[in-house]
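*Asks:* any chance you can model this:
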Amino acid sequence: MRAQHKYLFIHQNFPGQFKHLAPLLAAQGHEVVGLGMNQPAEPLPGVRYFRHAVAAQPHGQRPSPQLRDLHGKVLRGESAAARLAWLKEQGYTPDVIFVHPGWGEALFVKDVFPEAKLLVYAEYYYGAEGGDSFFDPEFSTPSPAALQRLRLRNTHLLHAMSVADGALSPTTFQRDRHPAWFRDRITVIHDGIDTARFRPEPSAYVQLRAAGVTLRPGDEVVVFVARQLEPYRGYHIFMRALPALMQARPHARVVIVGGDGVSYGASPPEGKSWKQIFLDEVKDQLDMGRIHFVGKVPHTVLTQLMQVAAVYTYLTYPFVLSWSLMEAMSCGCLIVASRTAPVQEVIEHGRNGLLVDFFDHQALAATVADALERRAQLQPLRDAARQTIVEGYDMRRHCMPALLRFVGAPINQ
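*Replies:* Okay, here's the model as predicted:
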C-alpha cells in the first residue's frame, strides 16, 4: 500500500478554497493539517487545525503609507512561520504544503520546511491594466502614489512565487493576471461546484417573514448577491438601475443579499456604509415595499433564493470570480451579468446568460425587465447555464480529481 502523505494547508480564513480538498485527502488516509487565523464555523472531518495570531505591536512610528500593507503581511508571515516552527518541534514535517499567499502567510514557509513541496493558490495578481485597479474611475484614479502602492502590493506574492514548486488558479483570467515568467507554472483548476446540491428545484420557496411574503419559482423575483454590498461587486450600478426596473415591472420584487462591510477596495466615508450611501441615492424613486435587504443568509437559504429567482444579477470588476455566480448557474438561473473578463470566461451572451456593460445601469434595467417579460422564451439560457457548470465545473466529476492530481494524491485509494 502506498505510503501516507502529510498535507499542510495554510489560509488566513481557513478552510477557504480548501474546504473540499482537505477533508477528502483526510478521508483517503493522509495526514492533513490546517493553519489559519480564524476559528472555522465547524471542524473539517479528519483535519487537525491550528491557529496563529499576530502579536500586538508596540506603539511608535508607523510604516510609511506605501509600506503599511506589506508591513501587515510580513507580520502575518512571521506569525505563521512561528506556528510552523512549533509544529516542527512537535515532530511534524509535511510532504506537501498548499498555501494561499494573499495575506502574507507564505513568506517564510520554505525557511521552516525547505524540503516540503510548496504549492500556492495563485488567486490574484494586481496590475494597473486590465484588472480591478482603476477600473472604476468613480472610486480610484492612477495617481503616482496609487501606482506605487499597487507596485508594492504584489511584493509578498512575488516572494511566494519565487520559491513555489507549483501554483493553481481557479480561472484562466486569474492565471493570466500573473507575470508571464510565472504563468506557465500555474495550473487552472476551479474549486468545483456541487451540482447535485445546486440544482433547479420547482418546489423551492423562500419566506420573507418581515414582509409577510413567500417567494416561489414563477414569481417575478430579481436576486442580487454579494458578500458585501460594495462597488467591487457593482452594488452601486445595481441600485441605480432599480428605479427604471421597478417602474417597468410593477410586480417585481428585488431581494438583495450581502453585508454592510467592505471586502474589497476602499472603505466608505467614516460613519457610513456603501449600502446606505447608494440606497439613499435612489430610495425616493423606489417602492421600498418591493425591495428586500436580507443581509447575510445561510447557504441553504441562498440556494433557495437562486432556485426561486426569475433573474439573477451578477456584477463585478475584472477581479476574482465569485462562487455564487457559478452556483446560480448550476441552479439553472437566468443570469444577467456584467460584460467583464472573468464573467465572460463562463457566460456567453445569448447562449447561457445575458451580458451588459458594467457601468450602464440603464441597459441593466432594460435587460432585466426584458428577461422578466420573456422568461419562457429564455428557458434555453437557463438550461445552458446549468449545462456549462455540469460539463466543466462539477466538483466530483471534474474538479476534485484534477485537484487530487495537482497535489500528488491518487484519485482512488
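*Asks:* what are the contacting residues of the longest helix along the chain?
*Replies:* The residue-count maximum for a helix in the chain (DSSP state H) belongs to helix 68-89. Under the contact criterion Cβ atoms under 8 Å, 6 or more residues apart in numbering, helix 68-89 has outside partners 10, 12, 33, 35, 37, 50-55, 57, 62-63, 103-109, 111-113, 149, 152-153, 155-156. C-beta here means a position set from N, CA and C on the backbone, and glycine is covered the same way.
*Asks:* against residue 189, how distant is the residue most central in space within the chain?
*Replies:* The structure's the chain has its C-alpha centroid closest to residue 322; by Cα atoms, centre = their mean the separation is 3.9 Å. Separation of residue 322 from residue 189 (Cβ to Cβ, to the nearest Å): 17 Å.
*Asks:* for the stretch 301-413 of the chain, just list every one of the helices.
*Replies:* Using DSSP state H, counting those that start in this stretch, the helices of the stretch 301-413 of the chain run over 323-330, 341-344, 361-373, 379-392, 400-406.
*Asks:* and those, which is most packed in?
*Replies:* helix 323-330 (a mean of 24; mean count of other Cβ atoms under 10 Å).
*Asks:* what's the domain layout of the protein?
*Replies:* Per automatic domain parsing, the domain ranges recorded for the chain read 6-192+394-406, 206-392.
*Asks:* return the distance of the shortest one from the chain's centre.
*Replies:* Spelled out, that is domain 206-392. Distance, stretch centre to chain centre, for domain 206-392: 15 Å (Cα atoms, centre = their mean, to the nearest Å).
*Asks:* distance between the ends of it?
*Replies:* 29 Å (Cα to Cα, to the nearest Å).
*Asks:* I'd like the numbering to begin with 59 instead of 1 from here.
*Replies:* I'll keep to 59 as the first residue from here, and by that count the last item is domain 264-450.
*Asks:* any low-confidence regions in the protein?
*Replies:* 59-61, 118-119, 468-471 (pLDDT under 70).
*Asks:* circling back: mind checking which of the helices of the stretch 359-471 of the chain is nearest residue 154?
*Replies:* helix 458-464 (9.9 Å; Cβ to Cβ).
*Asks:* other SSEs contacting that closest one?
*Replies:* Judged by 3 or more Cβ pairs under 8 Å, 6 or more residues apart in numbering; DSSP states H and E, the packing partners of helix 458-464 are helix 79-85, strand 224-227.
*Asks:* the last one pairs with which strands?
*Replies:* What it means is strand 224-227. strand 175-179 (parallel), strand 244-246 (parallel) (DSSP bridges).
*Asks:* could I get those strands as CSV with mean neighbour count?
*Replies:* Output for the strands paired with strand 224-227, formatted as CSV (neighbours: other Cβ atoms under 10 Å):
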stretch, mean neighbour count
strand 175-179, 22
strand 244-246, 18
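*Asks:* those into TSV, with extra columns for distance to residue 275?
*Replies:* Shown next, in TSV, are the strands paired with strand 224-227 (distance: least, Cβ to Cβ, whole Å):
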stretch	distance to residue 275
strand 175-179	36
strand 244-246	34
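*Asks:* circling back: tabulate the helices and strands packed on helix 458-464 (CSV), appending mean neighbour count.
*Replies:* Shown next, in CSV, are the helices and strands packed on helix 458-464 (neighbours: other Cβ under 10 Å):
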stretch, mean neighbour count
helix 79-85, 21
strand 224-227, 22
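*Asks:* ok, back up a step: need the helices of the stretch 359-471 of the chain in a markdown table (columns: distance to residue 359).
*Replies:* Shown next, in a markdown table, are those (distance: least, Cβ to Cβ, whole Å):
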| stretch | distance to residue 359 |
| --- | --- |
| helix 381-388 | 13 |
| helix 399-402 | 24 |
| helix 419-431 | 22 |
| helix 437-450 | 20 |
| helix 458-464 | 26 |
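*Asks:* who wins for proximity to residue 177 among these?
*Replies:* With Cβ to Cβ as the measure, helix 458-464 is the member of the helices of the stretch 359-471 of the chain nearest residue 177 (7.3 Å).
*Asks:* picking up where we left off before, buried subset of the contacts of helix 126-147?
*Replies:* Among the contacts of helix 126-147, the ones that count as buried by 16 or more other Cβ atoms under 10 Å are 68, 70, 91, 93, 95, 108, 110, 112, 161-167, 170-171, 207, 211, 214.
*Asks:* which members of those residues are positioned in strands?
*Replies:* Among these, DSSP state E puts 68, 91, 93, 108 in strands.
*Asks:* which one of those is nearest to residue 425?
*Replies:* Closest approach to residue 425 among those (Cβ to Cβ): residue 68, at 41.9 Å.
*Asks:* the closest one touches residue 165, doesn't it?
*Replies:* No - with contact defined as Cβ atoms under 8 Å, residue 68 does not reach residue 165; the gap is 11.0 Å.
*Asks:* count the residues that sit near the residue nearest to residue 237 when sequence neighbours are not counted.
*Replies:* Leaving aside its sequence neighbours, residue 237 sits nearest to residue 183 (Cβ to Cβ, 6 or more residues apart in numbering; 7.1 Å). With neighbours defined by other Cβ atoms under 10 Å, the count for residue 183 comes to 21.
*Asks:* about what we covered before: of all the domains of the chain, which one is nearest residue 256?
*Replies:* Closest among the domains of the chain, once you apply Cβ to Cβ, is domain 264-450, at 3.8 Å.
*Asks:* and the nearest residue to residue 408 once chain neighbours are set aside, how close does it get to residue 387?
*Replies:* Leaving aside its sequence neighbours, residue 408 sits nearest to residue 439 (Cβ to Cβ, 6+ apart; 7.6 Å). The spacing between residue 439 and residue 387, counted by Cβ to Cβ, is 10 Å.
*Asks:* what touches both of the two?
*Replies:* Here residue 439 and residue 387 have 393, 410, 411 as joint contacts, going by Cβ under 8 Å, 6+ apart.
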